[in-house]
Structure formats: C-alpha cells, structure tokens
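Asker: Quick one, what's the 3D model for this:
(4 chains)
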Number of protein chains: 2
Amino acid sequence: MKTADPELMRAINRFNVLDTIRRHGPISRVEISERSELSTTTVSAITASLLDDGLILTRHEGDIRNAAARGRPRVMLELNPDAARVVGAKIAANRMVFVVTNFRGEVLSELTLPIRVDRQPIAVIADLIEDGVRRCVVDADLSLDEIDSICIGLPGVVEHRTGHVRSSPIFREIGVDFASEMTSRLNVATIVESDAHAITLAHHWFGRARDLDDMVLVSLEQTLGLGVLHGGQLFRGAGGLSHNLGDLVLGVGQSQTVRLSTLAGESAILGEHPMDGRFAEAVRLGRGMAHAQTLIAAEDNALIAAASRAGEAIGLAVANIVTLFGPPRVVIVGSSLSLGAVFVESIRQAYQSAIPPSIRTVAELVFEESADETWAQGAAVVALCELYESPWGTTGPAPAL
Amino acid sequence: MKTADPELMRAINRFNVLDTIRRHGPISRVEISERSELSTTTVSAITASLLDDGLILTRHEGDIRNAAARGRPRVMLELNPDAARVVGAKIAANRMVFVVTNFRGEVLSELTLPIRVDRQPIAVIADLIEDGVRRCVVDADLSLDEIDSICIGLPGVVEHRTGHVRSSPIFREIGVDFASEMTSRLNVATIVESDAHAITLAHHWFGRARDLDDMVLVSLEQTLGLGVLHGGQLFRGAGGLSHNLGDLVLGVGQSQTVRLSTLAGESAILGEHPMDGRFAEAVRLGRGMAHAQTLIAAEDNALIAAASRAGEAIGLAVANIVTLFGPPRVVIVGSSLSLGAVFVESIRQAYQSAIPPSIRTVAELVFEESADETWAQGAAVVALCELYESPWGTTGPAPAL
DNA sequence: ACCAATTTTTCCCCAACACGGATTAATTCA
DNA sequence: TGAATTAATCCGTGTTGGGGAAAAATTGGT
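Answerer: Here you go, the predicted model:
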C-alpha cells in the first residue's frame, strides 16, 4: 500500500486540476473550483504552480459568459501546447503509423509507412520503428531530445508496467522486452502498450467517450482487442497486462472449443473467399476489408455468410463483456467495420439476443471505424497520461528557496 | 472526483493501519510501521487514536521475536473483538444461513433455516429474514440495537451502492429495493450484496486468498456467480453492480445462443436424471448435489455425462475470465463441487484446453466447497468492510477541545 | 468623471497531517 | 547497579487545503 503523504494529496489535486483544464478547454479558476470541488484558494495555488511550471497558459479573451457580466472578468486557463511533445505509434501487421503531438494531444506531424512487418525478426521491426519515429520527429521540425516520451501501441498481450510483450501477432518471438529495447535505441523514455488500450484512451480524450469515465472499447483489427475504462482510468488486469479478446473461447459443442480469433479475426473472414489476384493484392496492402466490402456489395454469398457469422460471434462476446463490466457504452472500432452493414447488423442482433434482459438497457453500442492516425494519437495520449502523473509535477511551491 | 483533504489522507492511513492489524494478528507498532511504510511517529499517533476509539487493544504478552531480545519489549496490538457486531446472512433458494460476528469477523452465533423461499412473495421472504436475524442475534446473547450493521448476501444481480436487487432467482419481482426494506424493518443499517461477492471477501479474509490482493472467485451454486478482487477491493462494475456468471453466453451454433446457466446451473445438471422420489426429496432439501454424487459413484451414466458437460462449460468460462482479468489465482466454490472428481476434472481439462498459451502460467485453480457458514460470514465481512472505512473513524485527534 | 456594486483572484492565518530528531520508557546483559 | 539496547512518545518543522478578508479588475449609474 502506498502511504498517504501530503505529497500524494498534492499530486491528486494537481492532477485533477490539470485534467479539468485539459477537458474543459479554456476555463476560469472559479469554474475549475466548481467542477473539482476544491476551494478557490486551493485552485489558485495549484494553478499558480502550474503556470510557474509552464504547463498552462492564461488567456484574457474568450470569456464565454454573457458579455455584459459585471465584476472582474475571468482569466481563462488552458494547457500550454508546448509544455511537452510525445510520439505515438501504432504498429500493425501491414503498416506503421506515427504521430508527434503536443501537450494537448494535437497532432503536429503524421507518418504512415505501409510496410508489412509481421514475421520479421525483432531487430528488423525495431529498426523500422526507430526510423519511423526519427523521421516523424524531423517532419515536425523537432529533434529527438525535444521529445519527452514515446509510446508504441501494438496488438497482442502487453505488460504495461514492465513493457514486456507477452505475445503479439507481429512478433515471432514471445516474451520480448520491447520497451527497454526501444528506449536504448532512441534514448528517450519509451513505453509499450496494447493498441486497444491506446485507441481506448483516444476515444476518451477526443472520440466517442469524451463524456464518460466508464466504458468498454472493442477493437476489431487483425487482432481482436479490448480496452476497459474504469473511473477514468484504463483497467489493467492484475500485473498490468492487457486483454486479448481474440483469446476468448466460444464454442461448446461436442467438446469443441473455438477461439474468437479463428471465428472473427480478419483472416477468418477473408479466408472464406478464394484468393484471386486482385483480392490477394488488396489484402497485402491492408485494404482487404475494404475490398471485401465491395465484394459483399456485389452479393458475394460466401463472404456475406462469413461476415455475418463473424458478427454473430463478436456480438456474443460483446454481450459477455457487458455482463461482466456493465459499462454505459461500448465503442466498437477497427478495420473490420468496413465490411459494412451486414457485419454491423449481425453484431447488433447477436448482442441483442445474447444480452441478459436484466441489463439490456445498461449499455449502448457505438460503431466507428477510427482512422489510423487516431490509433497513433491514442498511443501518444498514453504517453501524455504518464507525464501528467509524473513526479515532474512535484515541483513543490518552494523548489529553490 | 473526490477532493483530497487532509481528512482523506488520514482516512487512508487509518484504514491501512487498521487493516494491517487485522491481517497480521497481534502486531507491534514497529512492525506496522515497516509493513505500511509509515513512520513510527505516525503509526503511534494513529494507533493512539484507534485505542482511544476502542477499535484495538494492547496486549503485553506474545512478543514472538526471540524471547531473549534486548531493549524495551514491544506492545502487541490487535483488533478489539467487541468494537462492533454485525450480522451476515446468506439467502439461497432452499435455505437461509445467519451469523453474528464480532469486529474480527469471528462467528458468535450461527443459525441455519432449511426453508425453501424461492418464488415466495417479497414480503414473506423479508419476514423470514427478519425472523432469522432477530433469532440469531438473541442466540448470541445480544439485542438488535447492539448490532452495528447487517449485510444480506443473495444470488443474482445486485446494485451495491443503492441496495437495489436487479434480478434474483429467489425473487419473483425484479428491481426490488431490498436494502431499504430490511433497514426499515430491522431499524439497523442493512446492505445487500451478491452472495458471490460475500464469499469472495470471506476467502480474502479467512480462506484461500488470504495472501492475495488480486484474485477471482467463481461460485457454482444454484446460480453461477463471480467475484473479482482487485487491489484488495471488490471490483464492482460501473454503477456498482455485481456480475452474474450464469448470464454469460457460450454457444454459437445456428444462431442459437446458449447461456451458461442453462448448461451448468444446478437444475441443468440434475435435470438430466429422472426425478424419482428419493432424488426429488434430496433436491428439495438442498442436498441434490450430494445425492447426485452418490449416483455418480454408482456410475449413473446420464448424470456423469451431465456433470462433465457442465464442467466443460464452466472450464471454458473460467478460461475467459482469466483471459480478461489475469488473476494469479481462481478460487472455485459452491455446492456443485460435491458432484465430485468427475466434475472438477472436467473443469480443469476444459480450462487447460481453452486457456491461451501466453497466459497459461498466470493463474492457478483452487477448488473448495465452502461451508454455508462461510458464506454468511462473508456477508458479515462485507458489512465490516464498510465499518472500517466509515466516517466513524473521523474521530480527529482533537474532538472536544 | 467619479463612485458604488459586483465578481474574480489573492493574501493571511489556521487546523490537520506526516515526519525527523531528541527524549523518555522499559527491558537485558555484564 | 549501571551500560547498552530497543520501543514508544514528545516537540518542532514543513507541507497541505480551507475560510475569511482584502485586493484587483471590471460594469453601471449618476
């Protein structure tokens, strides 16, 4: 158990204030005080310290209240975009996407490398990532030592605390200490996180879950991932490891177990279709799902059947997740959504039939095929979250007296 | 977000100290200081306050260290058993069990009522519970106004925060405000909790998870329940509601969903056997599973098949739970375990085949058919946990200056 | 142009907390 | 009996957040 010093108290309140400023745009001290239920005195002290550290800025325009308000006008506070810069990366089997963002999580530069990396040796993948990061940083007119932190999001089971990759479809090896590998290569603190967790935070900050502190996200990419937001924070299993939705088992027949990934993974769906030249080409380029969508539109029955079967399986899995976590909203993202309405409707129907009546009204399903950039941005947000809570904020009120 | 006063700080440290004393028996101040990483000064202040409030006692004997230790001997501290008394109850379809415990969770009196209550109207059930509580309290030579809190554990989906029972197999109605019903009847603060959560805490305090702060418990009674301990606390879904394992869906056949409860619930297993007189009688008395065990021992093939099928389904579900929560240990309890080795082995096998290789070593499975009394004791622990954190502890160091 | 009213922000002081160092208490060993 | 040793407490310091008063910065009215 961590002891409760005054320091901890301070850290908590400081984080709350900073987070409130981040969420609610330019905001005055009084409003922070109302939202965070801290006294105006305390808010004033904390914001003074934050201003001192250059984490936030004042702005004298933009008081949204009725313009004809009496009294001293409010001074609006907002995050200082230049307080930090981070790199976020999404590594998928057939592409890598990098972004550099500022302290607000706004994208400064973006780089997509349509390279197939799965089944390459670790060293090659690390090389490619290193190059991508360096390139993207240069594109943002920065140098690497101006970067405060890096987060790499990749599919699979990742131990967040240690940066240990238990297993990933893009690695041949299992049990890779990827965080320290990249940290020593780039000489910048690098953390590794599951791609599903990254996109979960992205939706919490910018996307479909901005208003919620509790929700569940299901990602349907090559790998099936899961992110659980609980009390405004990522819920990480014991030991800090991420979940892998594809590892769930569904089947129960004659002692036959079927893993969700073999039922609803990308290869499971596309495998239903004979791989003629154009299709194979599309899959290779990572456009397999989009191409499948055109085939479905042309009433390719095999694919339609595959898509709806996959949707069914996913709908059941989502119902199970809701049964366990009871979130008010489930955000479903990923490239598989480009299969179109057949797929989505099949998920919805299976979900409806599988969700127990007593909690049928608890959760709403939201679908959105997030852009690649958003995934990388999510990774950047993971890095920013760490910065927010870092001892960096321990700039006490008396640093050099 | 809750604001971080000095008061919160105090509450946290106070709770830590109290919890350390509870866990580690009679313990000296220095050892508390080591375990909790608080300074001896602080520990001394907090224990003084706890002594003042009568929550703990000093004991001068029993310094376990080498008897020939130099220096001032340590004063051992332990929970004051008489600091509070609570009632815990387990309500099942065919029996109700009550216990009165002291502040340490030790049972002072126990009462089992082998009454079938399911499908009775709420008022009747409430009547029976009220009687049971009163009776059990009298058995402990106490009167109701000496009871500080009551917790009732029952199967189903319960909203802990509000005491709202969303659905329960023992109620005909859904959405029952049971906590306030019982509170007004007994005139003692009464909370309602899922029975699975209760037994989870029981195992955390006294049973197979004493050494762990993270674990998962699966209860196989008439209802299939789940309890997740995360960071030493019950993990309650968003909105504080409990999970119902039986609501998980497993099957994916021809758009046919199979709920776990219909595969592995008590009635699903026993329903396989023709209900002759003796068997029906045993089931009525809640000894159905034990009787089934004797039939299995006599090689009743239908039942053996049913048991192993049920075990398979449960094994899969457990594998899914481990995939999601990654606990170091899964404790499996409940009356269904009396089906015997066929059942347990079937669970183990299905689990082994379903658990993904990357996390095969994460969790160990532990089976234990807990006694009825333990369930009720668990409910008592739920009540005690609330007391531990209550503002009752807010007896500041300067109460009446 | 000036003063009153109003609202935001800061300044000053207090209570509570954890903690470090010195002090006192209670024991064993020589 | 006294020295050594270990446990527990007392006292002073620095931190925190909060309440109330004062200062600051504006608008509205006369």
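
Asker: near chain B, which residues of the stretch 101-250 of chain A show up?
Answerer: Counting by C-beta under 8 Å from any C-beta of the partner chain, the stretch 101-250 of chain A comes close to chain B at A:157, A:166-167, A:174, A:214-215, A:226, A:230, A:232, A:237-239, A:241, A:243-244, A:247-250. C-beta here means a position set from N, CA and C on the backbone, and glycine is covered the same way.

Asker: now with 10 Å?
Answerer: Within reach of chain B by C-beta under 10 Å from any C-beta of the partner chain, the stretch 101-250 of chain A has these residues: A:156-157, A:159, A:165-168, A:174-175, A:212-216, A:226, A:228-232, A:235-250.

Asker: Now do the helices in the stretch 151-300 of chain A.
Answerer: Secondary structure of the stretch 151-300 of chain A, counting by DSSP state H, counting those that start in this stretch: helices at A:178-186, A:195-205, A:260-264, A:266-270, A:277-284, A:288-297.

Asker: highest average neighbour count across these?
Answerer: Of all the helices of the stretch 151-300 of chain A, helix A:195-205 carries the top mean neighbour count, a mean of 28, counting by mean count of other C-beta atoms under 10 Å in any protein chain shown.

Asker: pLDDT of that helix, averaged?
Answerer: For helix A:195-205, mean pLDDT rounds to 97.

Asker: Quick one: distance of it to the chain centre.
Answerer: In this view, helix A:195-205 has its centroid 2 Å away from the chain centroid, taken as C-alpha atoms, centre = their mean, to the nearest Å.

Asker: Pretty sure residue A:218 is one of the things residue A:370 touches, is it not?
Answerer: No. Using C-beta atoms under 10 Å, residue A:370 is not in contact with residue A:218, being 11.9 Å away.

Asker: Now do the shared contacts for the two.
Answerer: A:331, A:333, A:334 (C-beta atoms under 10 Å, 6 or more residues apart in numbering or on different chains).

Asker: For the helix or strand of chain A with the lowest mean pLDDT, list the C-alpha coordinates in CSV.
Answerer: When the helices and strands of chain A are scored by mean pLDDT, DSSP states H and E, helix A:277-284 comes last with a mean of 71. C-alpha atoms of helix A:277-284 as CSV (Å, rounded to 0.1, in the frame of the first residue of the first chain):
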residue,chain,number,x,y,z
GLY,A,277,-5.0,-11.9,-57.7
ARG,A,278,-6.8,-8.7,-57.0
PHE,A,279,-8.1,-9.8,-53.7
ALA,A,280,-4.7,-11.1,-52.5
GLU,A,281,-3.2,-7.8,-53.6
ALA,A,282,-5.7,-5.8,-51.6
VAL,A,283,-5.1,-8.0,-48.5
ARG,A,284,-1.4,-7.5,-48.8
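
Asker: doesn't residue A:120 make contact with residue A:94?
Answerer: No. In this structure, residue A:94 is not within contact of residue A:120 by C-beta under 10 Å, at 11.8 Å.

Asker: where do the contact lists of those two overlap?
Answerer: The contact lists of residue A:94 and residue A:120 share residue A:170, where a contact means C-beta under 10 Å, 6+ apart.

Asker: related to what we said a few turns ago, helices or strands up against the least confident helix or strand of chain A?
Answerer: Judged by 3 or more C-beta pairs under 10 Å, 6 or more residues apart in numbering or on different chains; DSSP states H and E, helix A:277-284 is in contact with helix A:266-270, helix A:288-297.

Asker: ok, now with 7 Å
Answerer: Counting contacts by 3 or more C-beta pairs under 7 Å, 6 or more residues apart in numbering or on different chains; DSSP states H and E, helix A:277-284 is packed against helix A:288-297.

Asker: and the angle from the helix it packs on to helix A:277-284?
Answerer: Per axes from the mean of the first three to the mean of the last three C-alpha atoms, to 10 degrees, the angle that helix A:288-297 makes with helix A:277-284 is 140 degrees.
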